[in-house]
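Novice: This is a predicted model, with the sequence first.
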Amino acid sequence: MMVKRISSLILVGALALLLPWRGGARADGGASLEYKLKAAFIYNFAQFVEWPGDAFGGPSAPFVIGVVGDPSLAQMLEQAVKGKTAGKREIVVKYYAGVDAIQRSHILFVAASERERMGDVVRRAFADSTLTIGDFDGFTAASGMVRFITEDNRLKFEVNLDATNQGHLKFSAQLLKLARMYNK
C-alpha cells in the first residue's frame, strides 16, 4: 500500500514537473490546470506528512483541508478529494472568506489576498499543527511551510523545514526529495 502511495506522489510530482501550464490556461470543465495541479499536490501532502496525535479531536475526526481567500481552489479541492481519505480519515474541505473565519484545519491554503495577515495565520498554524501552503512571494520567508512556485511554466514547491518543525509536522523523505528547501 505504501509503495502505491509513493508511486502516486512521484507520478503527480513528475507530471507537475513535466507538464507545462500557463496560469490562465483552461482545462476541461472550465477548471484551470493550475488549480488541478495544486489540488493534487495538496491531497498528496495529506498522505505524506505526519501530524501529532493531538492534532485530531478523536479517532473518527475528519481530516480538514481549509482554504482561506480562494473559493475556486476550495471548489477544485472538494472535487479532487471527494470520497478519498487521509490516514483512514474522511477528508473535508472548508472555505474561509478571511483569516478571522479560520477554524482548526490540518492543511490550510493561504491565498495571496491574505498576505497582510500572515502573522495571524502563522500563530494559529503553529498552535494547531496546521500545514500552511501558499503561492505568493515571501510566503516561506513569513514562516509559511510550503510555497508553490511556477518555474519554466512548471509547478514546483518549496518547504520551510524550520516552520514545519515549529508546527510539529514531519514530512516523509519521499516528499522532501521532490521539494526545494527554503533557506533564510
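Specialist: That came in fine, so what should we check first? Residues are numbered from 1 along each chain as shown.

Novice: Just the residues contacting the longest strand anywhere in the chain, thanks.
Specialist: Across the chain, the longest stretch assigned as strand under DSSP state E is strand 89-96. Outside strand 89-96, the residues that touch it by CB atoms under 8 Å, 6 or more residues apart in numbering are 43, 46, 56, 60-69, 71, 74, 77-78, 81, 84-85, 102-103, 105. Quick note: C-beta positions are derived from backbone N, CA and C, even for glycine.

Novice: quick one, helices of the chain?
Specialist: All helices of the chain, identified by DSSP state H, fall at 2-18, 33-48, 71-81, 118-128, 161-166, 173-178.

Novice: looking at those helices, which is closest to T140?
Specialist: Comparing those against T140 with CB to CB, the closest turns out to be helix 161-166 (7.3 Å).

Novice: what's the closest one in contact with?
Specialist: 49, 122, 126, 131-132, 140, 143-145, 170-171, 181-182, 184.

Novice: Any quick ChimeraX command for the buried ones out of these?
Specialist: To isolate the buried members of the contacts of helix 161-166 in ChimeraX, using 16 or more other CB atoms under 10 Å:
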select :49,122,126,131,132,140,143,144,145,171,182
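
Novice: Mind checking which of the contacts of helix 161-166 are in strands?
Specialist: Using DSSP E, these in strands are V49, L131, T132, K170, F171, M181.

Novice: Skipping its backbone neighbours, what lies nearest D135 in space?
Specialist: F148 (4.1 Å; CB to CB, 6 or more residues apart in numbering).
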